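Enquirer: just the structure for this:
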Amino acid sequence: QLTDLLQQYATAFRDPMMLQPPEWFKAFIYCEAFLQLPFFPIAAYAFLKGSCRWIRTPAIIYSTHVATTLFAILAHILFHDFSKSEHGGPQTLRERLVLLSIYLPYLLIPLLLLFTMLCNPHYKHVEKRKRK
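Expert: Have a look, this model is predicted:
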């Protein structure tokens with residue numbers, strides 16, 4: 001069952017946010033469901049087609065939003081006192097770094113996307129010239 005799998009994950013990686021998410025984390029989950037997930041098929045279409053420069057602005061918005069939420073999550077993992085958590089959270093630096101490594105790709109991939117959208121000449125804005 002999925003609940004058993006979730007329980008196993010939370011226990012193995014000491015991630016109490018998955019079992020008892022703080023209110024701010026729930027807000028991020030709603031953002032993911034209603035903003036980020038709808039972006040995926042649109043972005044997949046644009047990137048598979050290959051010549052869709054219009055994806056630049058939505059990709060910048062998506063990647064900055066995800067990176068911002070991940071900074072908060074990573075800071076929580078590193079600095080929160082989990083000793084009062086009902087479900088066992090990370091206690092040692094090693095446990096915090098292991099949990100951090102689970103979340104880190106969700107920061108790195110949007111940052112790579114942002115870097116691509118900002119620096120790749122294919123996605124740079126080309127001004128259209130007016131015809132005389």
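Enquirer: separation between Ser83 and Arg56?
Expert: 45 Å (CB to CB, to the nearest Å). Just so you know, the C-beta spots here come from the backbone N, C-alpha and C atoms, and that holds for glycine as well.
Enquirer: which one's more surrounded, the two?
Expert: Legend: neighbour count by other CB atoms under 10 Å for Ser83 and Arg56, higher for Arg56 (18 against 8).
Enquirer: secondary structure element holding the more buried one?
Expert: helix 56-79 (DSSP states H and E).
Enquirer: CA atoms only: put that helix into PDB for me.
Expert: The C-alpha coordinates for helix 56-79 follow below in PDB (Å, rounded to 0.1, in the frame of the first residue of the first chain):
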ATOM      1  CA  ARG A  56      11.000  30.700 -21.600                       C
ATOM      2  CA  THR A  57       8.800  32.900 -19.300                       C
ATOM      3  CA  PRO A  58       6.700  30.100 -17.900                       C
ATOM      4  CA  ALA A  59      10.000  28.100 -17.300                       C
ATOM      5  CA  ILE A  60      11.600  31.000 -15.500                       C
ATOM      6  CA  ILE A  61       8.500  31.500 -13.300                       C
ATOM      7  CA  TYR A  62       8.300  27.700 -12.600                       C
ATOM      8  CA  SER A  63      12.000  27.300 -11.700                       C
ATOM      9  CA  THR A  64      12.200  30.400  -9.500                       C
ATOM     10  CA  HIS A  65       9.000  29.300  -7.600                       C
ATOM     11  CA  VAL A  66      10.400  25.800  -7.100                       C
ATOM     12  CA  ALA A  67      13.800  27.000  -6.100                       C
ATOM     13  CA  THR A  68      12.300  29.400  -3.600                       C
ATOM     14  CA  THR A  69      10.200  26.700  -1.900                       C
ATOM     15  CA  LEU A  70      13.200  24.400  -1.800                       C
ATOM     16  CA  PHE A  71      15.300  26.900   0.000                       C
ATOM     17  CA  ALA A  72      12.700  27.000   2.800                       C
ATOM     18  CA  ILE A  73      12.500  23.200   2.900                       C
ATOM     19  CA  LEU A  74      16.300  22.800   3.000                       C
ATOM     20  CA  ALA A  75      16.600  25.500   5.700                       C
ATOM     21  CA  HIS A  76      14.000  23.700   7.700                       C
ATOM     22  CA  ILE A  77      15.900  20.400   7.400                       C
ATOM     23  CA  LEU A  78      19.200  22.000   8.400                       C
ATOM     24  CA  PHE A  79      18.000  24.200  11.300                       C
END
